[in-house]
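Q: Got a sequence here, can you model it:
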Amino acid sequence: MEFLVTMTTHVPDGTATDTVDQVRTREAKRSCELAREGQLLRLWRPPLQPGEWRTLGLFAAADGDVLEEALASMPLRIWRSDEVTPLSAHPNDPMPAGMTTDSFAGPEFLIAMTITVPPGTPAAVADDTMAREALRARELAGQGHLLRLWALPGKPGRRRTLGLWRARDAAEMAAVVEALPLYAWMDVDTTQLTVHPNDPALQQGEPHA
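A: I've put the predicted structure just below:
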């Protein structure tokens, strides 16, 4: 299974700078170890307010208990709270090719989409729109825009997905999403991501704090 984990760190007031630096160094080392073990897949920084210390992580684990063991082994856990979102397989997910797509430079985006088919929509219309969405997803994956796609827990009658996307900038990302066949039936929540120095995708030999 894969999980998205929102990790929020609050360093206690009065903590010595040397102590913080030591914990961060050990955190970077442990992140590298988890990446080598195949448990830590990606790390990102979302937009932050002044003083915020928050990270988004994509983890793989057999179940929630195994994930918790991995999270508990990370040094920053002493100051950190974790919010875990289980991710389910999506039929339009371009994995495994999506994780290595690098056809152009540009920021990554996490986009949550809630899809609600309007009441009274003929089944044939809904099926055709879903089929065109699947075809478009494959095209966007081939272009390097769609990297991953997961299903999220949702209420009956509503489909929720989470996608990892890439575009040259926020304007291009918005244009890509607005051109999706299902866009008229979507509520969209977009988070632009920035690089985290411990991200396994950087494929650097030494960990960074």
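Q: quick one: the helices in the protein?
A: 17-36, 64-72, 123-142, 170-178 (DSSP state H).
Q: Quick one: closest of those to Thr161.
A: helix 123-142 (9.9 Å; Cβ to Cβ). Yep, even glycine has a C-beta here, placed from its N, CA and C like the rest.
Q: So which elements touch that closest one?
A: Under the contact definition 3 or more Cβ pairs under 8 Å, 6 or more residues apart in numbering; DSSP states H and E, helix 123-142 sits against strand 146-152.
Q: So which residues make contact with the strand it packs on?
A: With Cβ atoms under 8 Å, 6 or more residues apart in numbering as the test, strand 146-152 has contacts from 2, 85, 87-90, 92-95, 98-99, 101, 108, 112, 137, 140-141, 159-166.
Q: now swap in stretch 159-171 and tell me
A: Residues from elsewhere that reach stretch 159-171 (Cβ under 8 Å, 6+ apart): 4, 42, 58, 85, 87, 90, 98, 101, 104-116, 144-154, 173, 176-177, 190, 192.
Q: how about a cut-off of 7 Å?
A: 4, 87, 90, 104, 106, 108-115, 144-154, 173, 176, 192 (Cβ atoms under 7 Å, 6 or more residues apart in numbering).
Q: Make JSON lines out of the helices of the chain and add mean neighbour count.
A: Output for the helices of the chain, formatted as JSON lines (neighbours: other Cβ atoms under 10 Å):
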{"stretch": "helix 17-36", "mean neighbour count": "16"}
{"stretch": "helix 64-72", "mean neighbour count": "14"}
{"stretch": "helix 123-142", "mean neighbour count": "14"}
{"stretch": "helix 170-178", "mean neighbour count": "15"}
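Q: among these, which is nearest Ala201?
A: Among the helices of the chain, the nearest to Ala201 by Cβ to Cβ is helix 17-36 (9.2 Å).
Q: Could you export that closest one as PDB, CA atoms only?
A: Output of helix 17-36 as PDB, limited to C-alpha atoms (Å, rounded to 0.1, in the frame of the first residue of the first chain):
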ATOM      1  CA  THR A  17      20.200  25.100  18.000                       C
ATOM      2  CA  ASP A  18      22.800  22.400  18.200                       C
ATOM      3  CA  THR A  19      20.200  19.900  19.300                       C
ATOM      4  CA  VAL A  20      17.900  20.800  16.400                       C
ATOM      5  CA  ASP A  21      20.800  20.400  14.000                       C
ATOM      6  CA  GLN A  22      21.700  17.000  15.400                       C
ATOM      7  CA  VAL A  23      18.200  15.700  15.100                       C
ATOM      8  CA  ARG A  24      17.800  17.000  11.600                       C
ATOM      9  CA  THR A  25      21.100  15.300  10.600                       C
ATOM     10  CA  ARG A  26      19.900  12.000  12.000                       C
ATOM     11  CA  GLU A  27      16.500  12.500  10.300                       C
ATOM     12  CA  ALA A  28      18.200  13.000   6.900                       C
ATOM     13  CA  LYS A  29      20.200   9.800   7.400                       C
ATOM     14  CA  ARG A  30      17.100   7.800   8.400                       C
ATOM     15  CA  SER A  31      15.200   9.200   5.400                       C
ATOM     16  CA  CYS A  32      18.000   7.800   3.200                       C
ATOM     17  CA  GLU A  33      17.800   4.400   4.900                       C
ATOM     18  CA  LEU A  34      14.000   4.300   4.500                       C
ATOM     19  CA  ALA A  35      14.400   5.200   0.800                       C
ATOM     20  CA  ARG A  36      16.900   2.400   0.300                       C
END
